[in-house]
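In: could you work out the structure for the sequence below:
(one chain, ligands or ions: 1)
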Amino acid sequence: MTAEVLVEIENVSRSFGNRQVLRDVSFSVVKGEVLGFLGPNGAGKTTTMRILTGTLAPSAGRVRVGGIDMLQQPVRAKAQLGYLPETPPLNRDLTVDEYLDFCARLRRVPGRQVRAAREQAKARCGLQEVGRRLIGNISKGFQQRVGIAQAIIHNPPVVILDEPTVGLDPIQIQEIRALIRELGQAHSVILSTHILSEVQAICSHVQIIRHGELVLKAGIDELATHLTGAHLEIALRRPPPADQLSGIPGIAALHPQGEGRWLVTFQAGADPTDALVHSAAIGDWGLYELTRPRLSLEEVFLELAGDEVPESAPAQEQAA
Ligand SMILES: Nc1ncnc2c1ncn2[C@@H]1O[C@H](COP(=O)(O)OP(=O)(O)OP(=O)(O)O)[C@@H](O)[C@H]1O
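Out: A predicted model of the protein is given here:
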């Protein structure tokens, strides 16, 4: 069974004046996916989010949300989305309940269902205790929950969150991440962030944009192995002379690590693992360890995005 596609961006480009900031970007998000959207500053994340949420038109290409074309039927397409911008659009002078009721009406929740929608959003975001408090008087973590509650008040299939944990303390970060993971069970979530460890903690998929072009979209598990194809670490009790090892077809280089350990680099497109294991058995080399070193998301990011690495673990995040 193929999963339901909820977001489709096809060949989207965008220019500002004669400067092209998005080039032929295509991706889709299926039901239940939590997609982390990563890229260096100025790579085009916000521009993509704005096009996706219908607040900016693409210069070329097509956007569909829940199967509805954003350019042809913007009101219907936007109803499929909930959006938490980087700075949540909160009114500090309203109580949480008043504000969420207001958002529900804005989102065209029918009058008689507003209260139920508000209570459900509050329950999902852990806001039951603060309904009557002024937004200006609750903590930043609770304010962020209110921002998420307004994004899901109309129960949209797709939720878009822009830097949702910025400025929170470690406990709040942990709570908001747990909430986002939970949201991922009922909605598709697109999460823009600079924090690599956040992507690893929350997302099922990751996408990297660089200079306005997508350079990777992968499942989070595939990602760690994405660039590991080129190396092996082996340990041998009775290592042969190096030229015997390096003679195995597909091996580009050998880097001795001492005590019978070697880092083996593959030739492009080759995988000498089987040949190596075979030679070790025939030659009685005492092969007792064979591992593929996994790259961190940071290393993968560096390989693909090049310019600059986003934060991996800001000081405030240590305990999260
Ligand atoms: N309204 C605009 N007019 C002109 N240039 C713009 C406009 N909006 C964005 N840009 C340019 O487009 C490029 C992509 O910007 P965008 O905000 O999408 O990047 P980003 O990946 O979200 O970066 P950051 O992480 O710093 O927010 C940048 O060079 C930016 O200066």
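
In: leaving out the residues flanking it, which one is nearest to Lys217?
Out: Among residues not flanking Lys217 along the chain, Gln207 sits closest, at 4.5 Å (Cβ to Cβ, 6 or more residues apart in numbering). C-beta: built from backbone N, CA, C; applies to glycine.

In: give the contact list for the residue positioned nearest the centre of the chain.
Out: By Cα atoms, centre = their mean, the chain has its centre lying nearest to Gly36, at 0.9 Å. Gly36 is in contact with 191, 193, 198-199, 202-203, 205-207, 220, counting by Cβ atoms under 8 Å, 6 or more residues apart in numbering.

In: in strands, which of those fall?
Out: Among those, the residues falling in strands (DSSP state E) are 191, 205-207.

In: for the residue nearest to the centre of the chain, give its distance to Leu168.
Out: Between Gly36 and Leu168 the computed distance is 17 Å (Cβ to Cβ, to the nearest Å).

In: and stretch 15-29, anywhere near the ligand?
Out: Yes. Under the criterion of Cβ under 6 Å from any ligand atom, the ligand is reached by stretch 15-29 at 16, 21.

In: what's the span of stretch 146-160, first residue to last?
Out: For stretch 146-160, the first and last residues are 15 Å from each other (Cα to Cα, to the nearest Å).

In: that one near the ligand at all?
Out: No. Figure legend: stretch 146-160 not in contact with the ligand (Cβ under 6 Å from any ligand atom); closest approach 12.9 Å.

In: Leu191 reaches Ala201, doesn't it?
Out: No. With contact defined as Cβ atoms under 8 Å, Leu191 does not count as touching Ala201 (10.7 Å).

In: tell me which of the two has more neighbours.
Out: Taking other Cβ atoms under 10 Å, Leu191 and Ala201 do not tie; Leu191 has more neighbours (26 against 19).

In: show the contacting residues for the more buried one.
Out: Residues in contact with Leu191 (Cβ under 8 Å, 6+ apart) are 34-37, 160-161, 164, 180, 198-199, 202-203.

In: look up how far Gln144 lies from it.
Out: As judged by Cβ to Cβ, Leu191 and Gln144 stand 13 Å apart.

In: Leu183 now?
Out: Using Cβ to Cβ, one obtains 13 Å as the distance from Leu183 to Gln144.

In: of the two, who's got more company?
Out: The neighbour count for Leu183 versus Gln144, taken as other Cβ under 10 Å, is higher for Gln144 (26 against 22).

In: past the helix or strand harbouring that one, which element shows up next along the chain?
Out: In this assignment (DSSP states H and E), Gln144 forms part of helix 140-152. Using DSSP H and E, the helix or strand that follows helix 140-152 in sequence is strand 158-162.

In: in its sheet, what does that following strand sit against?
Out: Here strand 158-162 has these sheet partners by DSSP bridges: strand 81-84 (parallel), strand 188-192 (parallel).

In: excluding residues flanking it in the chain, which one is nearest Phe251?
Out: No Phe there; residue 251 is Ile. Excluding its sequence neighbours, the residue lying closest to Ile251 (Cβ to Cβ, 6+ apart) is Pro272, at 5.1 Å.

In: thinking again about what came up before, need the overlap of contacts for Leu183 and Gln144.
Out: Counting by Cβ under 8 Å, 6+ apart, Leu183 and Gln144 have no shared contacts at all.

In: find me the pLDDT at the residue nearest to Ile251, would you?
Out: Pro272 is assigned 90 on the pLDDT scale.

In: go on, Pro310?
Out: With respect to pLDDT, Pro310 scores 51.

In: likewise for Ala201?
Out: pLDDT, Ala201: 84.

In: once you drop chain neighbours, what's closest to it?
Out: Closest residue to Ala201 apart from its sequence neighbours, by Cβ to Cβ, 6+ apart: Arg177 at 5.6 Å.

In: run a quick neighbour tally on the residue of the stretch 51-200 of the chain found nearest the ligand.
Out: Closest contact between the stretch 51-200 of the chain and the ligand, by Cβ to the nearest ligand atom, is at His194 (6.5 Å). Applying other Cβ under 10 Å, we find 18 residues neighbouring His194.

In: just for the protein, where's the confidence low?
Out: Within the chain, the segments meeting pLDDT under 70 span 1-2, 224-229, 294-300, 303-320.

In: where is the longest helix in it?
Out: For the chain, the helix with the greatest residue count under DSSP state H is helix 170-186.

In: re earlier: the residue nearest to the centre of the chain in helix, strand or coil?
Out: Here Gly36 is recorded as strand under DSSP: H, G, I helix; E, B strand; the rest coil.

In: against Glu129, how distant is it?
Out: Gly36 is 30 Å from Glu129, where distance means Cβ to Cβ.

In: how near is the residue nearest to Lys217 to the ligand?
Out: Distance from Gln207 to the ligand, counting by Cβ to the nearest ligand atom, to the nearest Å: 12 Å.
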